[in-house]
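Chemist: Need coordinates for the following:
(one chain, ligands or ions: 2)
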Amino acid sequence: MKKIAVIGTGYVGLVSGTCFAEAGNHVTCCDIDQSKIDKLAQGIMPIYEPGLKELVDKNAGRGTLQFTSEISQAIRDAEIVYIAVGTPMSVTGEADLTYVKQVAQTIAENLNSYKVVVTKSTVPVGTGKVIQTIISQYSSAPFDIVSNPEFLREGAAIKDSMNMERAVIGASSDKAYEIIAELHKPFTSNIVKANVETAELIKYAANAFLATKISFINDIANICERVDADVSKVSEGIGLDSRIGPKFLQAGVGFGGSCFPKDTAALLHISKDCGYDFKLIQAVMETNESQRMLLVKKLISALGSLKGKTISVLGLAFKPDTDDVRSSPAIDIIPLLTDFGATVRAYDPIAIDEAKKKLGYQCSYSEDPYETMKQADACLILTDWMEVKQLDLHKVKSLLKQPLIIDGRNLYQIETMQRLGFTYLSVGRPAVHKENTISRAM
Ligand SMILES: NC(=O)C1=CN([C@@H]2O[C@H](COP(=O)(O)OP(=O)(O)OC[C@H]3O[C@@H](n4cnc5c(N)ncnc54)[C@H](O)[C@@H]3O)[C@@H](O)[C@H]2O)C=CC1
Ligand SMILES: O=C(O)[C@H]1O[C@H](OP(=O)(O)OP(=O)(O)OC[C@H]2O[C@@H](n3ccc(=O)[nH]c3=O)[C@H](O)[C@@H]2O)[C@H](O)[C@@H](O)[C@@H]1O
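Modeler: Ligands and ions are numbered 1, 2, ... in the order given. Below you'll find the model as predicted:
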């Protein structure tokens, strides 16, 4: 049983802190945001994540998980201090380390005994050294630095954390490595031991590689549209090769979320800073941006113009099973539609409150997908929610002014849409026209 302080109670801090408690440790989750702490103390989750509330309630109930804004005290009481604050993208693309440095300063001011200071936030290579310098400037107490990046996915965060595929531990001493390796025994036996810098880079390499797979398949999808090929078959055909694997080969509107866009931009900066021209990652980012626009172009070409048209947008979250809308395709695309003169009605089962914070009243919102379709000129699918996959397509057809669906997630079978008489334009697959013909998508 270790005494752990987790600083930053966002997605990562809350989920990892809760899982450390579930594994038998005593965890204090801290945040400067008092309203977040107050809510958590009352059992109200600040994020939507399947299974999280049950686990928080269980561990808070038995006293192994606590929430506080008294960060100094939590640090003084802990043997291990986890830094899990945000590292948002700055205007120039690199990771903004303001919050990490603030926390390092607070740790330095409260270092009353030996502690292992662990970075879970995604931070540029060299940040461990920066934290070490800040702490040693203000304190002479002994401490070690560890980089232990987080690989959880939103929507599957508890499962990913309780059954990690691997843990990466980059420690400044063997003693610190052993402490953090021991902490991870209940979660995985695959531990990658590295130096601090390597561990920091592994996190960016992992996210950049996954983002590269997505942009690669989107580029292939764009070729498919020009040569009458079907990208879903290409994904199947290459994914069955175990060296390639089937995951992250789903073509569509491009990746979003709080990490892939920010971490690819940060990796580009890291490479520039060390004098390397990382052309591949630049191309991955460019493909992702243009993928959003391709959907808007398809919509415009199908409708002639968007002026005066009503568009039903299905999905605001960047992926299913989360209310996170950070860098979500919908948040990028809806303002473009309204700029072109369209009226937008948006559906999402849980992300409406978060989307309103970004989009305000640029569109209307509904938790009923059919409500957004009544007499709409087209339907645009942006999130692969199960609720959208399972729509009653007969009802959809009867509600829309004309049976036009632009699908940024390739949710439906081409043959079904042809049989039902839709005009159906997806990504990298043959286009279906309501006259019952199939052609290239553009
Ligand atoms: N969201 C995700 O799925 C994943 C995120 N990451 C990385 O983990 C880090 C955290 O991400 P999120 O949890 O999404 O961030 P977030 O932005 O949702 O939460 C960060 C929290 O830190 C708090 N905070 C900021 N400064 C503080 C301070 N000085 N003292 C105490 N609390 C402070 C904020 O109030 C906020 O509640 C980022 O570096 C991110 O790249 C890594 C893997 C997955
Ligand atoms: O560093 C992070 O924050 C996390 O980023 C991603 O997790 P997450 O952003 O939660 O979601 P993913 O499931 O990876 O999806 C990211 C985006 O890619 C898109 N995507 C994913 C897969 C695919 O085949 N095609 C595709 O367009 C999704 O729709 C979504 O917009 C990584 O998968 C996690 O391992 C990592 O810890």
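
Chemist: what about Lys36, distance to Leu411?
Modeler: Distance, Lys36 to Leu411, by Cβ to Cβ, to the nearest Å: 35 Å. (Glycine included, C-beta is placed from N, CA and C.)

Chemist: swap in Thr338?
Modeler: Thr338 is 24 Å from Leu411, by Cβ to Cβ.

Chemist: burial measure for the residue lying closest to Ser90 once chain neighbours are set aside, as a count.
Modeler: If the residues on either side of it in the chain are set aside, Ser90 comes closest to Asp96, at 4.3 Å by Cβ to Cβ, 6 or more residues apart in numbering. When neighbours are counted by other Cβ atoms under 10 Å, Asp96 registers 16.

Chemist: So Asp96 is in contact with Pro88, correct?
Modeler: Yes - with contact defined as Cβ atoms under 8 Å, Asp96 reaches Pro88; the gap is 5.1 Å.

Chemist: Show me the shaky parts of the protein.
Modeler: Residues of the chain meeting the criterion pLDDT under 70: 436-438, 440-442.

Chemist: Tell me the residues of this structure that contact ligand 1?
Modeler: Contact residues, the chain versus ligand 1 (Cβ under 6 Å from any ligand atom): 7-13, 30-33, 36, 71, 84-87, 99, 102-103, 121-122, 150, 152, 154, 258-259.

Chemist: For ligand 1, what's its nearest residue on the chain.
Modeler: Distances between the chain and ligand 1 by Cβ to the nearest ligand atom are smallest at Gly10, namely 1.9 Å.

Chemist: and that residue, how far is that from Ala330?
Modeler: Separation of Gly10 from Ala330 (Cβ to Cβ): 21 Å.

Chemist: neighbour count winner among these two?
Modeler: Using other Cβ under 10 Å as the criterion, Gly10 and Ala330 rank with Ala330 on top: 31 against 17.

Chemist: Okay, and that one sits in which element?
Modeler: Assessed by DSSP states H and E, Ala330 sits inside helix 329-339.

Chemist: how about the residue of the chain closest to ligand 1, phi and psi?
Modeler: phi -80, psi -160 (degrees, to the nearest 10).

Chemist: tell me the domain boundaries of this structure?
Modeler: 3-194, 195-442 (automatic domain parsing).

Chemist: Using JSON lines, please lay out the ones you listed together with distance to ligand 2.
Modeler: Formatted as JSON lines, the domains of the chain follow (distance: least, Cβ to the nearest ligand atom, whole Å):
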{"stretch": "domain 3-194", "distance to ligand 2": "4"}
{"stretch": "domain 195-442", "distance to ligand 2": "3"}
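
Chemist: how about Ala346, secondary structure?
Modeler: Here Ala346 takes the strand state, with states given by DSSP: H, G, I helix; E, B strand; the rest coil.

Chemist: and what of the one 3 residues further on?
Modeler: Each residue gets one of three states, and Pro349 gets coil by three-state DSSP.

Chemist: Next up, the contacts around it.
Modeler: Contact partners of Pro349, counting by Cβ atoms under 8 Å, 6 or more residues apart in numbering, are 367, 385, 387.

Chemist: Which strand or helix spans the last one?
Modeler: Taking DSSP H and E as the definition, Glu387 sits inside helix 386-389.

Chemist: what separates that helix from the chain centre, distance-wise?
Modeler: Mean-position distance between helix 386-389 and its chain equals 19 Å (Cα atoms, centre = their mean, to the nearest Å).

Chemist: can you map out the strands along the stretch 101-250 of the chain?
Modeler: Taking DSSP state E, counting those that start in this stretch, the strands of the stretch 101-250 of the chain run over residues 115-119, 143-147, 167-171, 191-194.

Chemist: so which of those strands is the most packed in?
Modeler: strand 115-119 (a mean of 26; mean count of other Cβ atoms under 10 Å).

Chemist: what angle separates that one from strand 167-171?
Modeler: Counting by axes from the mean of the first three to the mean of the last three Cα atoms, to 10 degrees, strand 115-119 lies at 130 degrees to strand 167-171.

Chemist: Quick check: neighbours of strand 115-119 in the sheet, parallel or antiparallel?
Modeler: Paired neighbours of strand 115-119 in the sheet (DSSP bridges): strand 80-83 (parallel), strand 143-147 (parallel).

Chemist: Of all these, which one is nearest Thr212?
Modeler: Closest approach to Thr212 among those is made by strand 143-147 (22.5 Å; Cβ to Cβ).

Chemist: ok, Gln215 touching Ile281?
Modeler: Careful, residue 215 is Ser; it's not Gln. No - assessed by Cβ under 8 Å, Ser215 is found out of contact with Ile281, at 9.5 Å.

Chemist: Which of those two has more residues huddled nearby?
Modeler: Ranked by neighbour count (other Cβ under 10 Å), Ser215 and Ile281 place Ser215 first, with 25 against 21.

Chemist: about what we covered before: could you find the closest non-adjacent residue to the residue of the chain closest to ligand 1?
Modeler: Once flanking residues are discounted, Gly10 sits nearest to Gly86: 6.1 Å by Cβ to Cβ, 6+ apart.
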